[in-house]
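In: Show me the folded form of this:
(chains A and B)
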Protein chains: 2
Amino acid sequence: MRLNMQRIHEAYERIDPVFRDTPSVSFPALNAITGADISLKLECLNPIRSFKGRGVVTMLSRLHESQPDVRQVVCASAGNLGQALAWCSRQFHVSASIVVPETVSPIKLEAIRRLGGNVLIHGGDFDAAKVYAHDWAQANQAYLVIDSLDLGSCDGAATIALEETHSGNTYDTVLVALGNGALATGVGTVFKYAAPATQAVAVQSKAASAMTQSWQERRIVETATAATIADGIAVRVPIPEVVADTWEVLDDAIAVDESSIRRAMKIIAESTGLLCEPSAAVGVAAILENPQRFRGQRVLCIICGTNITVSHFNDLVGAT
Amino acid sequence: MRLNMQRIHEAYERIDPVFRDTPSVSFPALNAITGADISLKLECLNPIRSFKGRGVVTMLSRLHESQPDVRQVVCASAGNLGQALAWCSRQFHVSASIVVPETVSPIKLEAIRRLGGNVLIHGGDFDAAKVYAHDWAQANQAYLVIDSLDLGSCDGAATIALEETHSGNTYDTVLVALGNGALATGVGTVFKYAAPATQAVAVQSKAASAMTQSWQERRIVETATAATIADGIAVRVPIPEVVADTWEVLDDAIAVDESSIRRAMKIIAESTGLLCEPSAAVGVAAILENPQRFRGQRVLCIICGTNITVSHFNDLVGAT
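Out: The predicted structure is shown next:
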């Protein structure tokens, strides 16, 4: 088990206030539709519209202390990590290159460029971009930021949960999107040690379920494709160290249908006014698919990103 | 001048934490499009999705102290005040009736009913509903809550600005939606006394500009209609006491085109992920209509409500 509470507390102190102390809000219409007592932790109301700032600040801040001579960093990203790296790199005076797959969503690509990130488009999906980022880092003597493998990304994401346990908010279940695993293992660790009565449940799409399968089968399972609308969690090659962490801290891992994600996006928009990207809607999707399991429960869902255009949102959920 | 800082500070202490200490967030895409340095004060991430909780808690809390025997309250509302009254009345053990006009938006009507409010539908617009609420209060011995005339509504709304001046955030201009005036005079008062370098500018639609005309002409101007998409600020009969307050605390009052409100709604959604209702977009609309005036300025815009359906949003801005 790689994570610990001491380092998570330490990460909290490093994080830029613009990413920290986010609201968790209950919306009556959402509760009426789902039958659960849901709090949405809104990790989307910051300049990069996702939770990734927490982890990236933590990683770059630690890197700045341990290797102050690093001038160039690179990562692979579906788009949100890249925005965070572009945003945070300015504070630490490093140049940031971001390898995105050819399938990157235009809004994320444009946002990275707006923030001054050097964009490299390569590979058919996230994991292909990741291989290229590794090679590019070696060829260019850049520091390679690997989301979820770098503990800073997990510790930073974990502070989302830390704010809730510190506030004394109690939940029966926390539902957390599972991609490479930084968010799920970070949040899972905090609840396991600070609020063990809360079940930590990770959620993926059935169309990209490598991590869920790996959790369930207690072995590393890769998938041939990761063809989900939830681009932020479209992983087909799990990181073994992170999978091992999920075995320690998650109480369950659920894969949901793509259609449930679309339904959840629509319901969240109608009941909150927020246009979620698909990855941020998987928790509500899990409740929609399992209404009996969550009925009456106090559930925390983390809205981890809203980087989606209105037209893409309408395409996915159907303009009505 | 009816408002003062002492009573605004006192109101802050009364307000339920779910409505208080809201984030003010800067979104790079919004700044890139408008040329201004905009902070959005997000008064929509609470169970009623508008700023109205602040004022209603303040009014009901003071009423509870001064007239503890009141068991029944009634108000006229375009929908957001009514949600706030229904929500807050439970805490003070009073029954809430809400008179809404026949034109009330379905999402607001449904939300009031979900919160247990007794809905009375009457009149062709807000001001017609207001006349009926007055008569209904007399016939039913109910306490009549009059938004903006009751200082609690102004003091409560003013705490939005108080949080900003307390945080040390500085702005060249604050742009605030102008309906009956509680929000504009409350916010204007705080900036006038606590941060006088900030220009307080109120914004209305040209299709419902009674208050703006009253401010500009220094007399009470009523309009024949208030046919704006911005239902939350569709007022044709100004309250004289409130108009007098606007003369004291506002530095300017602007009326914008309906088309600019639609454009602003679209731009806000694309750059923040938030579906604003039209009333909440008038500040950004004012910047879009006056780009030179606001270029490079630090501007605070208050996102005062998101009670709009996805389909209504798409109808207004054009599904793309």
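In: which parts of the stretch 1-150 of chain A sit against chain B?
Out: A:18, A:22-23, A:25-29, A:32, A:42, A:44-47, A:49, A:107, A:110-111, A:114-115 (C-beta under 8 Å from any C-beta of the partner chain). Bear in mind the C-beta positions are built from the backbone N, C-alpha and C, glycine included.
In: Quick one, grab the pLDDT at the residue of the stretch 151-300 of chain A found nearest chain B.
Out: Here the residue of the stretch 151-300 of chain A nearest chain B is A:Gly273; by C-beta to the nearest C-beta that distance is 3.0 Å. pLDDT for A:Gly273: 98.
In: wait, what's in contact with it?
Out: Shown in contact with A:Gly273 (C-beta atoms under 8 Å, 6 or more residues apart in numbering or on different chains): B:Cys44, B:Arg49, B:Leu274, B:Leu275, B:Cys276, B:Thr306, B:Asn307, B:Ile308.
In: can you narrow those residues to ones near chain A?
Out: Contacts with chain A within the contacts of A:Gly273, counted by C-beta under 8 Å from any C-beta: B:Cys44, B:Arg49, B:Leu274, B:Leu275, B:Cys276, B:Thr306, B:Asn307, B:Ile308.
In: Out of the residues you listed, grab the one that's most surrounded.
Out: Counting neighbours by other C-beta atoms under 10 Å in any protein chain shown, the top entry in these is B:Arg49, with 30 neighbours.
In: residues touching A:His93, list them.
Out: Contacts of A:His93 by C-beta under 8 Å, 6+ apart are A:Arg71.
In: so where do the helices sit in chain A?
Out: Ranges of helices within chain A are A:5-14, A:28-34, A:52-66, A:80-91, A:106-114, A:126-140, A:151-166, A:182-194, A:210-217, A:240-249, A:258-272, A:282-289, A:291-294, A:310-317, based on DSSP state H.
In: Output those as a markdown table; include the columns mean neighbour count and distance to B:Ile261.
Out: A markdown table is the format used below for those (neighbours: other C-beta atoms under 10 Å in any protein chain shown; distance: least, C-beta to C-beta, whole Å):
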| stretch | mean neighbour count | distance to B:Ile261 |
| --- | --- | --- |
| helix A:5-14 | 17 | 40 |
| helix A:28-34 | 18 | 24 |
| helix A:52-66 | 23 | 31 |
| helix A:80-91 | 26 | 29 |
| helix A:106-114 | 20 | 23 |
| helix A:126-140 | 18 | 39 |
| helix A:151-166 | 26 | 35 |
| helix A:182-194 | 27 | 37 |
| helix A:210-217 | 21 | 44 |
| helix A:240-249 | 18 | 47 |
| helix A:258-272 | 22 | 20 |
| helix A:282-289 | 27 | 30 |
| helix A:291-294 | 14 | 39 |
| helix A:310-317 | 19 | 16 |
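In: So which of these is nearest B:Leu85?
Out: Each of these was scored for nearness to B:Leu85 using C-beta to C-beta, and the closest is helix A:28-34 (14.5 Å).
In: Tell me how many other residues crowd the spatially closest residue to A:Met265 that is not a sequence neighbour.
Out: Nearest residue to A:Met265 in three dimensions, chain neighbours excluded: A:Ala281, at 4.5 Å (C-beta to C-beta, 6 or more residues apart in numbering or on different chains). Residues lying near A:Ala281 (other C-beta under 10 Å) number 33.
In: so how far is B:Leu162 from A:Ala281?
Out: Distance of A:Ala281 to B:Leu162, computed by C-beta to C-beta, to the nearest Å: 35 Å.
In: do A:Leu178 as well
Out: From A:Leu178 across to B:Leu162, the span is 41 Å (C-beta to C-beta).
In: swap in A:Ser153?
Out: According to C-beta to C-beta, A:Ser153 and B:Leu162 sit 37 Å apart.
In: which residues make contact with stretch A:52-61 from outside it?
Out: The contact list for stretch A:52-61 (C-beta under 8 Å, 6+ apart) reads A:11, A:14-16, A:18-20, A:46, A:73, A:80-81, A:83-85, A:87-89, A:91-92, A:94, A:145, A:147, A:150, A:152-157, A:159-160, A:182, A:186, A:305.
In: Also stretch A:114-132?
Out: A:48, A:76-78, A:82-83, A:85-87, A:89-90, A:95-104, A:109, A:112-113, A:133, A:136, A:146, A:225-226, A:231, A:234-237, B:28-29, B:32.
In: again, only using 7 Å
Out: A:76, A:78, A:82-83, A:85-87, A:90, A:95-104, A:109, A:112-113, A:136, A:226, A:234-237, B:28-29, B:32 (C-beta atoms under 7 Å, 6 or more residues apart in numbering or on different chains).
In: Kindly report the same for stretch A:17-35.
Out: Here stretch A:17-35 makes contact (C-beta under 7 Å, 6+ apart) with A:37-43, A:45-47, A:53-54, A:57, A:163-164, A:169, A:267-268, A:270-272, A:284, A:287-288, A:291, A:295, A:300, B:23, B:45-47, B:111, B:114-115.
In: count of residues packed around A:Thr225?
Out: By the criterion of other C-beta under 10 Å, A:Thr225 has 12 neighbours.
In: Please look at it and A:Val237 and confirm they touch.
Out: No: A:Thr225 is not in contact with A:Val237 according to C-beta atoms under 7 Å; the separation is 11.3 Å.
In: Where does pLDDT dip in the stretch 151-300 of chain A?
Out: Within the stretch 151-300 of chain A, no stretch falls below the threshold (pLDDT under 70).
In: List, one by one, the residues from it near chain B.
Out: Residues of the stretch 151-300 of chain A lying close to chain B by C-beta under 7 Å from any C-beta of the partner chain are A:Lys266, A:Ala269, A:Glu270, A:Gly273, A:Leu274, A:Leu275.
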